[in-house]
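> please work out how this folds:
(one chain, ligands or ions: 3)
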Amino acid sequence: MSETVNMSDRQIEYLNLTAELMSIRKRGDVPLAYIRTYGCQQNVADSERIKGMLKVAGYEFTENAEEADFILFNTCAVREHAEDRVFGNVGALKNLKRRHPQILIALCGCMMEQEHVAKRIHDSFPFVGLVFGTHCMHEFPELLYKSLVDGSRVFVRDNDDKKVYEGIPTCRDGQFKGWLPIMYGCDNFCTYCIVPYVRGRERSRQPEVIIKEAKEMIAQGYKDITLLGQNVNSYGKGLEPRPTFAQLIKEIDRIEGDYWLRFMTSHPKDCTRELIDTIAESKHISLHLHLPFQSGSDRVLKAMNRHYDRAKYLDIVNYAKERIPDVSLTSDVIVGFPGETYEDFQQTLSLIREVGFTSLFTFIFSPRTGTPAASMDDPVSDEEKGKWFRELLAVQEEIAAERCASMVGRVEKVLVEEKAKKEGRLCGRTSGNIIVEFDGDDSLIGDFHNVKITRARNWILTGEIAE
Ligand code: SAM
Ligand code: SF4
Ligand code: F3S
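Ligands and ions are numbered 1, 2, ... in the order given. Alright, predicted model coming up:
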């Protein structure tokens, strides 16, 4: 059973001590922190908590590492490419540290929970002063203070005490779109995936704490709230009495207000009809289901340890389509899992065609040290996998374009998010999470507006304000 513990007063004291120290040591008018986050929304949510603590310690934030007193990279270990980027970008800080020896460079997150990575940082990047893993967030104030006060290098990791820490201050990046973690860790051990090794065992937050936080966010004006967990469908495991995920979202859905509720990620093995019914009957839950299938081949799904087959996946999808008219389905898929043949890959393509996803996150298999798949026979060459990958992208592009084209002429409720990068238009998302661009005044940003869809360009819609 996971125990809930509040961050200790001692840690808050360390934040006050850091504030005193930094009032003397800052380079400019105020101490500045530069935080760079890699990886998934879980990491984004963690960075928001680190920012919350830094704010209490008197820091403000900058987008320019050159002027920062504290530089932190919150890292991701999910694929080799993500790790390579971190090593490259950390290496580039060497000169900055030489020019300003008083700055503190720190690394945290999933990569740091791997022993070989922490060792490489220790041995090859001597200018990195603080390294802490995903289980040490509640001790960050103490670790920060200690590395600042005596200048010695602090390395802490592998401390999975299976507790849920509450009371950590949060400083959210967005003002109307926000992340709300409901659980941490993962127990599924898909054979390709590093997450269970670096995030520890699954533990759920108490429903009362989540509901209170959701109420606060809605009162603060958040319009789009995403509940986060690696497998939200197994929410509640280890809690007494055990709530189901469907019960949790029903409770949140009762909160008054004009907002959308989203969640990710749903694991197909635990995705129930009760959950689909809850979405269909809810007031605020968006008409969007992110349901990673990873492969369309039963043989590969078994080797991945996913605990569902193609038929079960399609059964949930068909039920969702029946109960939630116009449901927008998105997914994750891996190409080139060890031992996957071209015939297996064709099964993936046929599943993509059958479901008609709005969009896909597509990955080429990347071996991760310590996972079972890393030592499986992998005879297909990188070139061949690259060819399959491009074939998949072409199929998905066609499907997304068809799906978007079918929306022309409709009026959609859109949350207006920002100015689009090109052409100075506004840009927002539908309940199904599809991007819509249209002309309008900046004052519309941050609220819902009805937009008539006039054109579809691949997976992006264009429209005009319909009010
Ligand atoms: N918990 C989520 C689930 O089960 O679907 C996914 C979390 S994972 C951080 C995000 C995606 O990364 C996975 O769905 C998978 O497609 C991809 N992924 C994970 N490990 C990978 C690997 N070793 N190589 C390539 N892609 C990987
Ligand atoms: Fe990784 Fe599987 Fe857990 Fe998702 S469910 S985080 S893919 S082990
Ligand atoms: Fe990466 Fe960790 Fe998320 S490995 S994908 S940041 S849980």
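> count of neighbours near the closest residue to ligand 3 within the stretch 1-150 of the chain?
Using CB to the nearest ligand atom, the closest approach of the stretch 1-150 of the chain to ligand 3 is made by residue 39 at 2.7 Å. Just so you know, the C-beta spots here come from the backbone N, C-alpha and C atoms, and that holds for glycine as well. Using other CB atoms under 10 Å, residue 39 is surrounded by 21 other residues.
> next: residue 323.
Neighbours around residue 323, by other CB under 10 Å: 15.
> residue ranges with poor pLDDT in this structure?
The chain contains residues with pLDDT under 70 at 1, 159.
> how about the residues of it near ligand 2?
The chain comes close to ligand 2 at residues 186, 188, 189, 190, 193, 195, 196, 230, 231, 267, as judged by CB under 6 Å from any ligand atom.
> let's see it at 8 Å
Contact residues, the chain versus ligand 2 (CB under 8 Å from any ligand atom): 186-190, 192-196, 199, 230-231, 265, 267, 292, 294, 305-306, 332.
> tell me, which of those make contact with ligand 1?
Near ligand 1, by the rule CB under 8 Å from any ligand atom, you find 186, 188, 190, 192-195, 230-231, 265, 267, 292, 294, 332 out of the residues of the chain next to ligand 2.
> show me which pair in these is furthest apart.
Within those, 194 and 267 form the most distant pair, 16.5 Å apart (CB to CB).
> of the two, which one has the most company?
A direct count of neighbours by other CB under 10 Å for residue 194 and residue 267 places residue 194 higher, at 23 against 20.
> give me the neighbour count for the nearest residue to that one once chain neighbours are set aside.
Leaving aside its chain neighbours, residue 194 sits nearest to residue 368 (4.2 Å; criterion: CB to CB, 6 or more residues apart in numbering). Neighbourhood size, residue 368 [other CB under 10 Å]: 22.
> quick check: residue 368 touching residue 76?
No. Using CB atoms under 8 Å, residue 368 makes no contact with residue 76, being 11.4 Å away.
> still on that earlier bit, need the ones next to ligand 1 among the residues of the chain next to ligand 2 in TSV (columns: distance to residue 426 and secondary structure).
Listed next are those as TSV, based on distance: CB to CB, whole Å; DSSP: H, G, I helix; E, B strand; the rest coil:
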residue	distance to residue 426	secondary structure
186	37	coil
188	39	coil
190	39	coil
192	39	coil
193	37	coil
194	38	coil
195	36	helix
230	33	coil
231	35	coil
265	29	coil
267	35	coil
292	31	coil
294	35	strand
332	29	strand
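> where does the stretch 351-467 of the chain get nearest to ligand 2, residue-wise?
residue 371 (8.9 Å).
> what is the neighbour count of that residue?
That count, for residue 371 with other CB under 10 Å as the rule, works out to 18.
> assess the claim that it and residue 195 are in contact.
No. At 9.7 Å, residue 371 does not count as touching residue 195 under the criterion of CB under 8 Å.
> backbone phi and psi for the residue nearest to residue 458 when sequence neighbours are not counted, please?
What sits nearest to residue 458 in space, not counting adjacent residues and going by CB to CB, 6+ apart, is residue 401, at 5.2 Å. Taking degrees, to the nearest 10, you get phi -60, psi -40 for the backbone angles of residue 401.
> could you do residue 139 as well?
phi -110, psi 0.
> and what of residue 98?
phi -70, psi -40.
> dump the residue contacts of it.
Contacts for residue 98 (CB atoms under 8 Å, 6 or more residues apart in numbering) come out as residue 127.
> in this structure residue 60 contacts residue 32, no?
Yes. Taking contacts as CB under 8 Å, residue 60 lies within contact range of residue 32: 5.8 Å.
> give me the more crowded residue out of these two.
residue 32 (22 against 13).
> quick one: contacts for the more buried one?
Contacts of residue 32 by CB under 8 Å, 6+ apart are 26, 59, 60, 61, 62, 67, 68, 69, 70.
> pretty sure residue 408 is one of the things residue 454 touches, is it not?
Yes. Here residue 454 reaches residue 408: they are 6.7 Å apart, a contact under CB under 8 Å.
> need the residues of the chain near ligand 1, please.
Counting by CB under 8 Å from any ligand atom, the residues of the chain near ligand 1 are 39-40, 42, 78-79, 186, 188, 190, 192-195, 230-231, 264-267, 292, 294, 332-334, 361, 363-368, 371, 373.
> what's the closest non-adjacent residue to the residue in the stretch 201-350 of the chain positioned nearest to ligand 3?
Of the stretch 201-350 of the chain, the residue with the smallest distance to ligand 3, taken as CB to the nearest ligand atom, is residue 230 at 6.9 Å. Leaving aside its chain neighbours, residue 230 sits nearest to residue 186 (4.0 Å; criterion: CB to CB, 6+ apart).
> all strands in the stretch 301-450 of the chain, in order from the N-terminus.
Under the criterion DSSP state E, counting those that start in this stretch, the stretch 301-450 of the chain contains strands at 328-335, 359-364, 411-419, 426-430, 435-438, 448-457.
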